[in-house]
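1. pasting the structure only:
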């Protein structure tokens, strides 16, 4: 139905090098309110298995320079997908399909 709210969104991004990133945002009920959880997966090419990206930073992240941290210290999740890409997908959860289309999303 057109007025049903979106509770799960998935987007696959294909990078210039052929790698693929899948961002999955899903609503879940917490103790007092609903929340949105986001998982990021990646694979080296189409047809390969998806691998869940960790949300843990490099163990030595606190001692790294800013340049080192930006290059290899961030968690896999943010190395694979930018904050903007993640926010764009997670921002669709809770909207109607019409509202999502108005934001440029393709609803299947």
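-> It's in. Everything quoted here is computed from the prediction, not taken from an experiment. Residues are numbered from 1 along each chain as shown.

2. For burial, what's the neighbour tally of residue 77?
-> Neighbours of residue 77 under the rule other C-beta atoms under 10 Å: 21. For glycine as for every other residue, the C-beta is placed from the backbone atoms N, C-alpha and C.

3. In a helix, it, correct?
-> Yes: assigned with DSSP: H, G, I helix; E, B strand; the rest coil, residue 77 falls within a helix.

4. so what's it up against?
-> 40, 53-55, 86 (C-beta atoms under 8 Å, 6 or more residues apart in numbering).

5. Buried ones only from the residues you listed, please, as a ChimeraX command.
-> Per 16 or more other C-beta atoms under 10 Å, the buried members of those correspond to this ChimeraX selection:
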select :40,53,86
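
6. Now for the contacts of residue 77: which two are most distant?
-> 54 and 86 (14.5 Å; C-beta to C-beta).

7. Report whether residue 28 is found in a strand, as I expect.
-> Yes: under three-state DSSP, residue 28 falls within a strand.

8. which residues of this protein fall in helices?
-> 66-68, 76-80, 83-90, 97-102 (DSSP state H).

9. and residue 15, which of the ones you listed is closest to it?
-> Across those (criterion: C-beta to C-beta), the nearest stretch is helix 76-80, sitting at 9.0 Å.
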